[in-house]
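Engineer: A predicted structure for the sequence below; I have some questions about it.
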Amino acid sequence: MENESLDMIKLLQEGQGAIREYLPGVLENFMDLTQSTMKQELIPPKFKELMAVAVAVGIRCQPCIVNHVKRALDQGATAAEIMEACSVAIMMGGGPSIAYTSYVVQALKDFKAFPKKD
């Protein structure tokens with residue numbers, strides 16, 4: 001069975017490799033920004049990843065959704081917390097955010113964090 005989310009993560013990693021090769025320093029600078037933003041200050045990293053999931057849904061970025069769902073899970077977020085974060089995106093973004101929350105559900109299934117219903 002195909003795992004779309006793992007395929008997307010692999011695609012992102014391959015793309016980042018090309019960016020490193022052809023655009024020296026660009027990815028490194030972006031990663032420094034990301035690490036600085038996501039470290040714990042007042043808001044724990046788990047909550048920042050939940051925010052990132054909601055933003056990814058709101059801006060309709062499928063690769064961002066998959067990446068931040070994975071990172072939120074890695075930070076200890078539950079499927080229920082991730083889905084609740086999506087409710088904020090839906091409140092702000094309406095119908096398109098409902099559609100893009102489907103990618104969140106798929107990622108949760110692919111990462112074995114969301115029960116499959118037959």
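Structural biologist: Okay, I see it.
Engineer: Identify the residue nearest the geometric centre of the chain.
Structural biologist: For the chain, the residue nearest the mean C-alpha position is His68 (1.8 Å; Cα atoms, centre = their mean).
Engineer: tell me the pLDDT at it?
Structural biologist: The per-residue pLDDT reported for His68 equals 98.
Engineer: Am I right that it is in contact with Gly58?
Structural biologist: No. The pair His68 / Gly58 is not scored as a contact, 11.7 Å apart, by Cβ atoms under 8 Å. (Glycine included, C-beta is placed from N, CA and C.)
Engineer: Excluding residues flanking it in the chain, which one is nearest the residue nearest to the centre of the chain?
Structural biologist: In this structure, His68 finds its nearest non-sequential neighbour in Ala52, 4.1 Å apart by Cβ to Cβ, 6 or more residues apart in numbering.
Engineer: Pull the number of nearby residues for that neighbour.
Structural biologist: 21 (other Cβ atoms under 10 Å).
Engineer: now for the helix or strand containing it, which elements pack on it?
Structural biologist: In this structure, Ala52 sits in helix 45-58 according to DSSP states H and E. With contacts taken as 3 or more Cβ pairs under 8 Å, 6 or more residues apart in numbering; DSSP states H and E, helix 45-58 sits against helix 26-38, helix 62-74, helix 79-93, helix 95-110.
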